[in-house]
Structures are given as C-alpha cells and as structure tokens.
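J.: Next input, structure requested:
(2 chains)
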Amino acid sequence: MSDNPVFERIKQEVTDNEVVLYMKGTPVFPQCGFSAAVVQILTEVGVKFKGVDVLMDPSLRDSIKQYSDWPTIPQLYVKGEFTGGCDIIREMYEAGELQQLLTEKGVEKVSS
Amino acid sequence: MSVQDQIRSKLERAFAPVELNIIDESADHAGHVGAREEGETHFRVEIVSAAFTGKNRLQRQRDIYASLKEELEGPVHALSIQARSPDDA
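T.: You can find the predicted model right below:
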C-alpha cells in the first residue's frame, strides 16, 4: 500500500498547502452536492484552500481513499492531517469547532 | 431484501443502537450521476449507540463505513451519517 506512487504526490500536496479539499469538480463548478457543501463552508469561514478535482484523475480518486482509509469524497486536509468528509465538516462548522481548529493551527485566512 | 433493510440489519448487529433512522433520499438525486433507476442509492443514517461513547467523529464514521463496506462498494452511491452516543446530548 505504501508503495503507491500517488501517495507521494498527495503527501506533497497536503504539506505544501495548508488546507486541501479533494472534491468532485472544482470550487467554482462542484460536480456533487457534498463537495459543494464543503466549498460553501470553507468560503463562509474565509479560509484559503486548494480544491483538487478527483474526477480529472481516476488514480488519484482511488488513491486518496486508500491514503486516508476513508471511502468517500470529499475529503478535507488541514496542515497535512485528514480532518473529515462532508458530514464531519458540517458538524464541526455548526459546533464552531472547525473555526477553532483553523485558528489553533494558525491557518491563513482570505484577506478581505 | 432491500438495500435499506440490509443497512438496517447490519447496523443493528454491529452497534445495537438505541435509535436508528435510515432515510432513503434517492428520489432527490434521480437522474443524477450514481443514481440507478431502481433507486436505493442515496441514504442518510441517524444512529445513536453506546458503541460510539468515547470515540471521535472520524472513528465513529469509520466504524460505520466498515460495517457497510459491501453496500458502499455496491449499490450505495452516497451515505450521509450522523452518529451520536447517548452521552452526547
């Protein structure tokens, strides 16, 4: 499992970017309601994030599920750590825990 | 057995929930990618079980995914989960 070459790419991506969302479609044109919901929350919270469209790359779509041992998309990574899918991000947001986590981890906000 | 009944029986066996609601939301997604003509592709699960006490959100959802592995690899395209412990409230 660790010999999957795509894991290196994922690791690099979630290390180089503070917040990464693996999603279906793009932040501007999400292709799935669950991905769209997380984009909306991240926008609401005002955090900078990189959206990666797994539909553009079947090997990434499979590998990201193995990387996190999580069977569904979207997947949110904060400072290299898998944080959750749509349900978890939504629950965390509603409880104020997502905002707290981002602040604690010192994640850069969108400048307004 | 319907997919919904299958999900119910597996969750009951795995978690002995004190509360379990399985809502079929497939109709909301008819004609959308992953939807099948016969339905039963999109579900929402609300579950309360003592098995989740002391576990965080990721662990709870991982446990549920593990118990429904077959369904997720098969007919179920989307599964929305709200997992609570009786102690949460």
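
J.: Which single residue in chain A comes nearest to chain B?
T.: A:I88 (4.7 Å; C-beta to the nearest C-beta). Every C-beta, even on glycine, is put in place using the N, C-alpha and C of the backbone.

J.: residues touching that residue, list them.
T.: Residues counted as contacts of A:I88 (C-beta atoms under 8 Å, 6 or more residues apart in numbering or on different chains) are B:R57, B:L58, B:Q61.

J.: do you know how far the second one is from chain A?
T.: Taking C-beta to the nearest C-beta, to the nearest Å as the measure, B:L58 falls 6 Å from chain A.

J.: any idea which element that residue lies in?
T.: Using DSSP states H and E, B:L58 maps to helix B:57-67.

J.: mean confidence score for that helix?
T.: Mean per-residue pLDDT for helix B:57-67: 97.

J.: Tell me where chain A has helices.
T.: Using DSSP state H, the helices of chain A run over A:5-16, A:33-45, A:58-68, A:86-94, A:97-104.

J.: same deal with chain B?
T.: With DSSP H as the criterion, chain B has helices at B:3-15, B:57-67, B:69-73.

J.: for the ones you listed, which one ends up most surrounded?
T.: Most buried of these, by mean neighbour count (mean count of other C-beta atoms under 10 Å in any protein chain shown): helix B:57-67, with a mean of 18.

J.: give me every residue that touches the closest residue to B:E40 other than its chain neighbours.
T.: Excluding the flanking residues, the one nearest B:E40 by C-beta to C-beta, 6 or more residues apart in numbering or on different chains is B:V3, at 4.1 Å. Residues in contact with B:V3, defined by C-beta under 8 Å, 6+ apart, are B:E40, B:F43, B:E71, B:P75, B:V76.

J.: before we move on, what about A:W70?
T.: A:F82, A:G85, B:R62, B:Y65.

J.: Write out the residues of chain A neighbouring chain B.
T.: For chain A, the residues found near chain B under the criterion C-beta under 8 Å from any C-beta of the partner chain are A:31-32, A:34, A:69-72, A:82, A:84-88, A:91-92.

J.: Can I get the buried part of the residues you listed as one ChimeraX selection?
T.: Of these, the buried ones can be selected in ChimeraX as follows, counting by 16 or more other C-beta atoms under 10 Å in any protein chain shown:
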select /A:32,34,70,71,72,82,84,85,86,87,88,91,92
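
J.: quick one: contacts for the residue nearest to B:V48 when sequence neighbours are not counted?
T.: Distances taken as C-beta to C-beta, 6+ apart put B:E19 closest to B:V48, at 4.0 Å, once the chain neighbours are dropped. For B:E19, the contacting residues are B:E46, B:I47, B:V48, by C-beta under 8 Å, 6+ apart.
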